[in-house]
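Novice: sequence first, then the predicted structure, then my questions.
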Amino acid sequence: MEFPAAPRLVGTRVTLEPLAAEHAAELAVAVAEGELWRAWYTAVPRPESMAAEIDRRLALAASGQMMPWGIRLAATGAMVGMTTFMHPSPDQQRLEIGSTWLGTSAQGTGANREAKLLLLGYAFDELDCIAVEFRTHWHNRQSRAAIAALGAKQDGVLRSHSVGPEGALRDTVVFSIIASEWPAVRLGLREGLARHAAPAESPGA
């Protein structure tokens, strides 16, 4: 499996736009809010590093190893985050959704839930995946809870899986959704969005 060019995926709360260099200024503003990069257990780019991070993701996309998007909030028109398909598994019809971050004001608005609904729909229904993985740091409890809330199941923990920038060892928690689970997961995501406040809700609600 090599990834094709990222398509534009449109929902009611968010639009996933193929990542482009011109998104750098908007995304630098989004990541500055709440200083998301300061959490030691995440790999969120700093505002001044945003253009370089976009270039990195686009280079991986050009080699078929990543499908990157910017996340645009429908309620405000603002670009509020990034997400990707990554780590395609040749001949195994698997991929990982990762390298995702969402600006503070967009958290709690249903943006993440709808973005994942769009991504999973494309992975299972268009790319014919048999499994989609999510990975996160053991200490990123917010991310672990959010992944489980999507309907993903925890597969296990990879102990001392990698070394962080300051030398700390990372235990990586692996979750997945398999193709047979996708219909139920899709219903759960849609029901959650239907119960959620309208897209014009106040930020952070």
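Specialist: It's in. Every value quoted in this text rests on a predicted model; they were computed, and no experiment measured them.

Novice: need the helices for this structure, in chain order.
Specialist: 24-32, 50-62, 111-121, 141-150, 182-195 (DSSP state H).

Novice: next, format the ones you listed as TSV and append mean neighbour count, distance to Val80 and mean pLDDT.
Specialist: The way it works is simple: take the backbone N, C-alpha and C, and place the C-beta from them, glycine included. Converted to TSV, the helices of the chain look like this (neighbours: other Cβ atoms under 10 Å; distance: least, Cβ to Cβ, whole Å; pLDDT from 0 to 100):
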stretch	mean neighbour count	distance to Val80	mean pLDDT
helix 24-32	20	5	96
helix 50-62	16	13	96
helix 111-121	22	7	97
helix 141-150	16	16	92
helix 182-195	14	17	95
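
Novice: of the ones you listed, which is nearest Ala5?
Specialist: helix 50-62 (7.5 Å; Cβ to Cβ).

Novice: how far off helix 24-32 does the closest one point, in degrees?
Specialist: Relative orientation of helix 50-62 versus helix 24-32 (axes from the mean of the first three to the mean of the last three Cα atoms, to 10 degrees): 110 degrees.

Novice: so how far is helix 50-62 from its chain's centroid?
Specialist: The chain centre lies 15 Å from the centre of helix 50-62; the measure is Cα atoms, centre = their mean, to the nearest Å.

Novice: which strands and helices lie in contact with it?
Specialist: helix 24-32, strand 66-73, strand 79-89 (3 or more Cβ pairs under 8 Å, 6 or more residues apart in numbering; DSSP states H and E).

Novice: could I get those in a markdown table, plus columns for distance to Gly167?
Specialist: Formatted as a markdown table, these follow (distance: least, Cβ to Cβ, whole Å):
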| stretch | distance to Gly167 |
| --- | --- |
| helix 24-32 | 24 |
| strand 66-73 | 26 |
| strand 79-89 | 24 |
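
Novice: and for the spatially closest residue to Gly110 that is not a sequence neighbour, the neighbour number?
Specialist: In space, Gly110 comes closest to His196 once its chain neighbours are excluded; the distance is 4.4 Å by Cβ to Cβ, 6 or more residues apart in numbering. If you count neighbours by other Cβ atoms under 10 Å, His196 ends up with 16.
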